[in-house]
Structures are given as structure tokens and as C-alpha cells.
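> Predicted model and sequence follow; I will ask about them next.
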Amino acid sequence: MGGADVQAITIAVTTGRDCAMSGDYSAGCTYYENAVELITRYVRTLGDPHAIRQWSALLKEVQDEHSSVRQCDKEARGMRVYDSVARSNSYPEMNDPRGSAAYDDGYRQPIVVCHNSGQEDPMVWRPPTRGEGRSGAPARGAPPPRARSSQDDNKLPSWANNNNGGGGGPPARGNAAGPSGRAGSAPRRPTGNAPAGNAAAGGSYDRPWRQNMQGKQGAAGPGGKPGDKGSAGEKAKKQYSGPDQELAAMLERDIVDQGTSVKWDDIAGLEEAKRVLNEALVLPMIMPDFFTGIRRPVKGVLLFGPPGTGKTMLAKAAATETSCTFFNVSSATLASKYRGESERMVRILFEMARDLAPSMIFIDEVDSLCSQRGTANEHEASRRVKTELLTQVDGVHGSEKDKEPGPDGEPPAPKHVFVLAATNFPWDIDEALRRRLEKRVYIPLPGQAQRLQLLKINLRDVAVAPDVNLEAVAGQMDGYSGDDITNVCRDAAMNGMRRLVAGKTPAEIKALREAGMTGGQEPITSDDFREALRKINPSVSKEDIKRHEEWLSVFGST
Ligand SMILES: Nc1ncnc2c1ncn2[C@@H]1O[C@H](COP(=O)(O)OP(=O)(O)OP(=O)(O)O)[C@@H](O)[C@H]1O
């Protein structure tokens, strides 16, 4: 899953913390559980002992937080039951879901509903107590949130604490750094002018929504300062002004990726996929008048293929190249089990995308959100989300009333919203969605030429010994995915340092460092590659490839 893993972890951890901070412990627990599972899975894929140690420490921290939040949840539940029973006896009007603003949880459902009745649907959790928490107020009847205090903040990894988007994130797979690694790989939090709390409080928020991802407009995105001269600027600032401001603020925080800087050139090979995306997304934005009628742009594209082959990178590069608003949606974010919440999120997501067009909605692991309908174990809530998604994809090109006037009197241009989905399991996707994703592009394992290109991309910042024959190394990596190749390069690049510190005590290593000796300067040798290849095997099975190729021959469409 590569970068997608880290991104999903970041989303799960930050959302878990946000929920806990807003007193919504039950939802917080769910996200924490998800985070623990994702980190555990991710650690298993790591080869570098240092990274494993760092991620394991993070795992422990998240587990500890989870256990605190679970405790709060337990206590809050007990208090709510007491509270609701007391209210039903003393203040019957409070149980009128239409009557009491004080009791309004945003869903017009009295909290007592299923909790005490023993009829709670195990598949559908109670709705969150929205509106109570973003301003920092604890949930009604709940003990004060314990999950994160400013003191705790100091103990958390910098990427997790950074609410302002400018700082680092957990590393993309393939980076040598650990959890506190290089900035730029995590979903960015915008450095907009208003914190999420403003939106929650009912005000609209004002953010540099549509900014040039490459900073051509001096983007006031991650790292930039709002208000900088030449920044996104008044003209480029867009704000979503539709309903559900709070949910929109949450989506914006978790989903809108304003910091991607991947370019086509960073991606080895995949020329066909680049062509399709160019035709489906880039050209219609440059020459909208041509893409009308029978030549209307496609509604969506599906990228499918084994894991770690560059699907997420393609999405990011397409967003960079078009400077569109990039909604980077993980199914985990949308797959809320609150009754009605997922549907609403999908609806608001598309509404925001139309409002902030041109936009691209990238749905990673779309199979988990939109698997085949009508199966025996399909849940009603999940079916409704799929239906909503299909309806929204149908309407991405909007109607006449959605057309916005162009700048300086240009004729109105359609609000361009493009859906890009990715999956490692295309055969699981609902067929109605498959039909709507008109182009279905196979992202295969790299061939010899691409592997060589990938090696060169990965090694462009490190020295390689002159005796290393990269073509031969690429030849030895038949069956490796792009992600595997990145891992091999990273491991080979670590070997110089490993040799340097082998058998030395921490004090001796410190002394070496102080003497200015680092293993990182040594060029990577053939032996380093041999060693790395011995340790790292391909992650994709032949059966998986075969299955993808079969699906391609039946449903592929470029
Ligand atoms: N074609 C490529 N060019 C450059 N780097 C690549 C390519 N394919 C994979 N990589 C490397 O693999 C990593 C993972 O890629 P990416 O997340 O895009 O894969 P994915 O197909 O989306 O995986 P998943 O299906 O598991 O989400 C990237 O960060 C990059 O280092």
C-alpha cells in the first residue's frame, strides 16, 4: 500500500484524536482500533530495524491512547444512560427529538434510543454528538477528555501533533525515515485562515482551496503563510458555502490534499495510464469547449493492479499537473458506520468538489466502499452509501445551473469534477460503479525498462559505486513492484551505515558522528544490492497477477 498505508494511518490517528477531543469517545475508539490495525500491518512490511523500532513505539503510544479513550467511552456511556433516564422522568419534553435545542445532537435522535433498550444494531453505531466538541466543550455527561492535552502533545510524534499542515508526516513507504520522518508524505493539514472550530461554530471558513499545487501562485498551503503576497490570493481563495459546514470542515481537514508535488516525471513508465489521465482530466480543463456533447469528458477512471505499482502516485501527479482541488479519500474515512453519516459525507464531498471545481476526487481502495451489492451479508447502511456514490458519480458533470461564469466575461464553463478510483481487487467492485468508471486502466508490475527507470529515480540523491550495473540489478528484480524496488534501494542505501556501526557501542557511534563520519556518504556497492535483494522478496504473487490480467481482458478499457 505504500504511501496509502501511511496516509490511512495518519487519518485514523488524527480522526481518532479529534473525536476523543470532541468527547465522541465511541467514534474515537473505532478510529483508534483502525489505526492500531493499520500500524500493526504496516510494521510487518518494514525491513529496516530502525523504522520498525520507531513505528512500534508509535504503535504502543496509540494503543495507550486507545485504552484511555475506551475507558472514557465506558464512563460516558454509563453517565448518558443515567442522564437519559433522569431526563425522561423529569423533563419529558427533552425526549421530543424536534423540541429541544439543548438536546440536539445534530441527528434529532434522543441518545437513550438504543442504548438502554438492548436493541442496538451491532452494525450501526449511535450517531456522534456533533457540535459539542469542536469548540472544546466536553460531551454532555462525559468526563473531560483525557486523550490529548498540551502536555501529552509533547509526547506525540511531531507529524501527529501538527495540526497546521506545515510540518512533517509519517514517511511514505520508501523513505528511510521513521515515524517522525520527512515532511510531505502525510495528508497535509491546510494552513488556512480559520481553524476547523470556526466552521463548527457555525461560521463559514475561508481557505485557499484551489491553489496551484506547484506553488505557481505562491500557494499558501503547507508551509506557506496565508496572506503572503502572491499567495493563493483573494482570487484563488475559494470557500465552500453549502450546507453541513461542520462535516465539510472535517472532510476538508482529512481529505483535501493541498500539498502534493508529485509530477509525471517522478513516475517510472505507466505511459498508457498517464495518457488516459491526461485525456480524461487535463485536456478537458484546458479546452472545455471541445469536450462537450459526444466528446464529454469521462466521469471517472479506475486504476487497478497489484499493490505498490504507483496508482496513488498517478493520482497525485494528475492533481499536480492540473492544479485542481484534490480530494484524497480513503475508504476508511468515508466508511463511517454512523447511521446516515457515510451517505451524508459522500453527498457533501461531491457538493464540495462541485463548489470548488475543477476538482478531482480520488477514492483509494474503492472496493471496500463499493463492493458488489445484493450479497447476503450486505448491510443496509452500506447499500445506501453505494447508492449515494453511484448517484453522485452520475451527476459529476452537473447541470446547466452548475455552470459558473468564467473570469472576465468568458462564457460559463462546466464545473469539472473528475472521479479517480483505485483498487487492488477490481473483481469485487459493484458492477454499476464499474460501468460509471468508464476507463479502466491496468497498472501492472514494472517491466525491465521501468525497473531501470525506477532504480534511477530512487537513487538520484545517493552515490552509487561505478562498478554497479543497474541494468543487471533491474534484471534481477523481475516480479518486483515499484514499492518493492524502492524498498530494495532503501535497504541497499542503508548498508554503508550498517557496516560503519556494526559491533560498536552507542558511545562509539556518537564519537564517530562527532568526528564527521557517516555511512550515508559511502556509495552503494553491488554487494549492497545483492544483500538487499537476498532479504527482500517480491510482494506480489503470480496468482494475483494472473487474476488481474484475466479481469483486464474482460473489463479493461482505455
Ligand atoms: N511507477 C512508479 N514510479 C515511481 N515510484 C513508484 C512507482 N510505482 C511504485 N512506486 C513506489 O512505490 C511506492 C508506493 O506507490 P503507490 O502508493 O502509488 O502504490 P499503489 O499502487 O497506490 O499501492 P496500493 O495499491 O497498495 O495503495 C511509491 O511511494 C513509490 O516509492
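Ah, there it is.

> So Arg17 is in contact with Ala27, correct?
No: using Cβ atoms under 8 Å, Arg17 makes no contact with Ala27, being 11.2 Å away. Just so you know, the C-beta spots here come from the backbone N, C-alpha and C atoms, and that holds for glycine as well.

> Could you report the distance from the residue lying closest to Ala422 once chain neighbours are set aside to Phe291?
The shortest distance from Ala422 to any non-neighbouring residue, by Cβ to Cβ, 6 or more residues apart in numbering, is to Lys311 (4.1 Å). To Phe291, Lys311 is 24 Å away according to Cβ to Cβ, to the nearest Å.

> And these two? Which one has more around it.
Remark: of Lys311 and Phe291, Lys311 carries more neighbours, 30 against 20, as counted by other Cβ atoms under 10 Å.

> So for that one, what's the pLDDT?
With respect to pLDDT, Lys311 scores 92.

> ditto for the one 5 residues further on
In the prediction, the pLDDT value recorded for Lys316 is 88.

> Tabulate the CA atom coordinates of the helix or strand hosting it in PDB.
If you go by DSSP states H and E, Lys316 is part of helix 311-322. The C-alpha coordinates for helix 311-322 follow below in PDB (Å, rounded to 0.1, in the frame of the first residue of the first chain):
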ATOM      1  CA  LYS A 311      -1.700   4.100  -8.500                       C
ATOM      2  CA  THR A 312      -1.700   6.700  -5.700                       C
ATOM      3  CA  MET A 313       1.300   8.400  -7.300                       C
ATOM      4  CA  LEU A 314      -0.500   8.700 -10.600                       C
ATOM      5  CA  ALA A 315      -3.500  10.300  -8.800                       C
ATOM      6  CA  LYS A 316      -1.200  12.800  -7.100                       C
ATOM      7  CA  ALA A 317       0.700  13.600 -10.300                       C
ATOM      8  CA  ALA A 318      -2.600  14.200 -12.100                       C
ATOM      9  CA  ALA A 319      -3.700  16.600  -9.400                       C
ATOM     10  CA  THR A 320      -0.400  18.400  -9.500                       C
ATOM     11  CA  GLU A 321      -0.400  18.800 -13.300                       C
ATOM     12  CA  THR A 322      -3.900  20.200 -13.300                       C
END
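
> How about the secondary structure of Ala357?
coil (DSSP: H, G, I helix; E, B strand; the rest coil).

> isn't it right up against Phe350?
No: using Cβ under 8 Å, Ala357 makes no contact with Phe350, being 10.6 Å away.

> Just want the residue of the stretch 401-550 of the chain that's nearest the ligand.
Closest contact between the stretch 401-550 of the chain and the ligand, by Cβ to the nearest ligand atom, is at Gly482 (2.2 Å).

> still on that earlier bit, overlap of the contact sets of Ala357 and Phe350?
Val417 (Cβ atoms under 8 Å, 6 or more residues apart in numbering).

> which of the residues in stretch 461-476 are buried?
Residues of stretch 461-476 classed as buried: Val462, Val464, Val468, Val473, Ala474 (neighbour count, 16 or more other Cβ atoms under 10 Å).

> could you pull out the strands for this structure?
For the chain, the strands defined by DSSP state E cover 300-304, 325-330, 359-364, 417-423, 439-442.

> Which other helices and strands does the fourth one contact?
Helices and strands touching strand 417-423, by 3 or more Cβ pairs under 8 Å, 6 or more residues apart in numbering; DSSP states H and E, are strand 300-304, helix 311-322, helix 341-355, strand 359-364, helix 366-369.

> try 6 Å
If you count contacts as 3 or more Cβ pairs under 6 Å, 6 or more residues apart in numbering; DSSP states H and E, strand 417-423 packs onto strand 300-304, strand 359-364, helix 366-369.

> try the first one
Helices and strands touching strand 300-304, as assessed by 3+ Cβ pairs under 6 Å, 6+ apart, comprise strand 417-423, strand 439-442.

> isn't Asn495 right up against Asp527?
No: with contact defined as Cβ atoms under 6 Å, Asn495 does not count as touching Asp527 (7.7 Å).

> about what we covered before: could you dump the strands of the chain to TSV with mean neighbour count?
Below are these laid out as TSV (neighbours: other Cβ atoms under 10 Å):
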stretch	mean neighbour count
strand 300-304	26
strand 325-330	25
strand 359-364	27
strand 417-423	28
strand 439-442	22
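
> Is it possible to get CSV of these that adds mean pLDDT and distance to Ala449?
Shown next, in CSV, are the strands of the chain (pLDDT from 0 to 100; distance: least, Cβ to Cβ, whole Å):
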stretch, mean pLDDT, distance to Ala449
strand 300-304, 92, 20
strand 325-330, 83, 29
strand 359-364, 88, 27
strand 417-423, 90, 23
strand 439-442, 92, 17
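
> Kindly reformat those strands as JSON lines containing distance to Ala502.
Output for the strands of the chain, formatted as JSON lines (distance: least, Cβ to Cβ, whole Å):
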{"stretch": "strand 300-304", "distance to Ala502": "42"}
{"stretch": "strand 325-330", "distance to Ala502": "40"}
{"stretch": "strand 359-364", "distance to Ala502": "40"}
{"stretch": "strand 417-423", "distance to Ala502": "41"}
{"stretch": "strand 439-442", "distance to Ala502": "44"}
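
> Looking at the ones you listed, which is nearest to Tyr42?
Using Cβ to Cβ as the measure, strand 325-330 is the one of the strands of the chain that comes nearest Tyr42, at 13.8 Å.

> helices or strands up against the closest one?
Partner elements for strand 325-330 (3+ Cβ pairs under 6 Å, 6+ apart): helix 245-255, strand 359-364.

> And the ligand, is it touching that?
No: legend: contact between strand 325-330 and the ligand by Cβ under 6 Å from any ligand atom is lacking; minimum distance shown is 9.7 Å.

> about what we covered before: tell me who's in contact with the residue of the stretch 401-550 of the chain closest to the ligand.
By Cβ atoms under 6 Å, 6 or more residues apart in numbering, the contact set of Gly482 is Gly308, Thr309, Gly310, Pro446, Leu454.
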